[in-house]
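[1] I'll drop the sequence and a predicted model, then ask my questions.
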Amino acid sequence: MNVQSALNAYKETDLSEVDSASPHRLIEMTFQDLKKNLLVIRRTLNDGNRIGGDEASRSIAALEILRASLNFKDGGDIAKNLDQIYIYSLDQLANIIKDDSEHELDSVIAIVTSLVDAWSTIPG
């Protein structure tokens, strides 16, 4: 995936913002959407319901967009570490979706929240 893929994924949410967004802002939007969908999954499980396909697929898509946006050449160890975090999160999501159970959902939410907070402090 590339920036164009990210644009296409978010055209459903707010076309005007996506069209004018910088790459930095697109990543921020991806993080925010991921966090929002993970929290929906948390509420769904807390309510004893099955996880819906929309929030699960959007969470997976967001993580894949984030992985695809990594620049391993210039990013060095940071990019490698983020890739491992995204892979871990994807693995946990797969288990959560497969079993309709929590597994490490709170851990993934905490990690994503930290990343959202950190990313928002970086000047765009």
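    Ah, there it is.

[2] buried stuff in stretch 95-111?
    Buried positions in stretch 95-111, judged by neighbour count with 16 or more other CB atoms under 10 Å: 96, 97, 103, 104, 105, 108, 109, 111. All C-beta atoms are positioned from the backbone trio N, CA, C, and that covers glycine.

[3] let's have those in JSON lines, adding distance to residue 43 and secondary structure.
    Conversion of those to JSON lines gives the following (distance: CB to CB, whole Å; DSSP: H, G, I helix; E, B strand; the rest coil):
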{"residue": "96", "distance to residue 43": "13", "secondary structure": "helix"}
{"residue": "97", "distance to residue 43": "15", "secondary structure": "helix"}
{"residue": "103", "distance to residue 43": "16", "secondary structure": "coil"}
{"residue": "104", "distance to residue 43": "17", "secondary structure": "coil"}
{"residue": "105", "distance to residue 43": "11", "secondary structure": "helix"}
{"residue": "108", "distance to residue 43": "15", "secondary structure": "helix"}
{"residue": "109", "distance to residue 43": "11", "secondary structure": "helix"}
{"residue": "111", "distance to residue 43": "18", "secondary structure": "helix"}
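
[4] now the phi/psi pair for residue 51, please.
    phi -70, psi 130 (degrees, to the nearest 10).

[5] how many neighbouring residues does it have?
    21 (other CB atoms under 10 Å).

[6] quick one: contacts of stretch 85-92?
    Outside stretch 85-92, the residues that touch it by CB atoms under 8 Å, 6 or more residues apart in numbering are 60, 63-64, 66-67, 103-105, 107-108, 111-112, 115.

[7] avg pLDDT for that stretch?
    For stretch 85-92, mean pLDDT is 95.

[8] same check, this time on stretch 109-120
    For stretch 109-120, mean pLDDT is 94.

[9] swap in stretch 36-54?
    The average pLDDT within stretch 36-54 is 90.

[10] which parts of it are buried?
    For stretch 36-54, the neighbour count (16+ other CB under 10 Å) marks 37, 38, 40, 41, 42, 44, 45, 51 as buried.

[11] how near is the closest residue to the second one other than its chain neighbours to residue 75?
    By that I understand residue 38. Nearest non-adjacent residue to residue 38, counting by CB to CB, 6 or more residues apart in numbering: residue 109, 5.0 Å away. With distances taken as CB to CB, to the nearest Å, residue 109 is found 24 Å from residue 75.
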